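In: With the sequence up front, the predicted model follows.
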Amino acid sequence: LGKRVDYSGRSVIVVGPSLSLHRSGLPREIAIELFQTFLIRGLIRKHFASNIGIAKSKIREKEPIVWEILQEVMQGHPVLLNRAPTLHRLGIQAFQPILVEGRAICLHPLVCKGFNADFDGDQMAVHVPLSLEAQAEARLLMFSHTNLLSPAI
């Protein structure tokens, strides 16, 4: 089955106690898929690829420079994590992604209460806000460390 929404993905969540409250571990496979257009642009701008085809082949072959550019791209880009059913505002929150090994999304255990999530096989969706306005809204209103106690504060 395909996806209904671009710039999105879904995976099982696992505990990441070493993560900061505002960070989430994003698997490399998912990150490459989510940030592919930004990654291609970065490879071309930094002259590691002369066109889209070469950039895509570098990504497909997972060359070391791809991971460096991906880290740079992800650094300034929040992602939204959502656990269905979204019954209130805390059901979708913003995080700063970092690359992790494996195929599961890593979360700090203290942010799970708002999602009503636990680590027994729950799945979460990840979305990338594209516009600058959406990114600013995610940073100001939706970051997880600002919504720990109450979203009304």
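Out: The structure has been received and is ready for your questions.
In: helix/strand/coil for the residue of the chain most remote from its centre?
Out: Going by CA atoms, centre = their mean, the residue of the chain most distant from its centre is residue 50, 27.3 Å out. When classified by DSSP: H, G, I helix; E, B strand; the rest coil, residue 50 comes out as coil.
In: quick one: it from residue 68, how far?
Out: Distance of residue 50 to residue 68, computed by CB to CB, to the nearest Å: 18 Å. In short, each C-beta sits where N, CA and C put it, glycine included.
In: which stretches of this protein form helices?
Out: 28-34, 36-45, 52-60, 64-75, 112-115, 132-137 (DSSP state H).
In: Residues touching the longest one, excluding its own?
Out: Taking contacts as CB atoms under 8 Å, 6 or more residues apart in numbering, the residues outside helix 64-75 that touch it are 26, 28, 31-32, 35, 38-39, 42-43, 46, 48, 58-59, 96-99.
In: what do you get if the cut-off is 6 Å, keeping everything else the same?
Out: 35, 38, 39, 42, 43, 48, 58, 59, 97 (CB atoms under 6 Å, 6 or more residues apart in numbering).
In: Thanks a lot, catch you later.
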